[in-house]
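Peer 1: Return a 3D structure for these sequence lines:
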Amino acid sequence: MNVTDLLDRAKAQGVMIATAESCTGGMVAAALTDIPGSSAVVDRGFVTYTNEAKQDMLGVRAETLNAHGAVSEQVAREMADGALRNSLAQLAVSITGIAGPGGSEFKPEGRVCFGLAVKGQPTHVDTVEFGAPGRDAVRRAARDHALTLLYTALSAGA
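Peer 2: Numbers count the residues shown, from 1 in each chain. A predicted model of the protein is given here:
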């Protein structure tokens, strides 16, 4: 997937993009803003590494974090919704996961949850199990998956 094509589609549709990232630490926003002219469609990126940041910057509810943990589709949904609510964007992607090392029996290394919010539509969430190829590989794979989610949404006319 070509990031320039993603940005061109967003520009042609008049769509602004926001990102809400945890385990990727801004890698999606960086991939988008590496391209000259991206300021026409990239509104902002939120790096919310801690639970407190997720709550303060995106409005993720403490109840959701307590009930499901930071690495959950429920939190990914609230992150994506919060990114839309707290930006000028019409399209937002969120990422929360366990890049490693570590994890647990219930939340293994390589589990990453994504949210995709489009103004006026229900927010889509999914979880990808990338396995344990190492922290860098998980983070890169999560970045690429998020970019693909944005591209797919724009291809569908988000």
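
Peer 1: show me the residues around the spatially most central residue of the chain that make contact.
Peer 2: Taking Cα atoms, centre = their mean as the criterion, residue 94 is the residue nearest the geometric centre of the chain, at 2.1 Å. Residues touching residue 94, when contacts are defined by Cβ atoms under 8 Å, 6 or more residues apart in numbering, comprise 19, 20, 21, 76, 77, 79, 80, 83, 114, 115, 116, 117. Just so you know, the C-beta spots here come from the backbone N, C-alpha and C atoms, and that holds for glycine as well.

Peer 1: who's in contact with residue 74?
Peer 2: By Cβ under 8 Å, 6+ apart, residue 74 lies in contact with 64, 67, 68, 125.

Peer 1: Name the SS class of it, please.
Peer 2: helix (DSSP: H, G, I helix; E, B strand; the rest coil).

Peer 1: Quick check: it vs residue 81, distance?
Peer 2: 11 Å (Cβ to Cβ, to the nearest Å).

Peer 1: Mind listing what's buried along the longest helix along the chain?
Peer 2: The single longest helix within the chain, with elements called by DSSP state H, is helix 135-155. Burial within helix 135-155, assessed by neighbour count using 16 or more other Cβ atoms under 10 Å, is assigned to 135, 138-143, 145-147, 149-151, 153-154.
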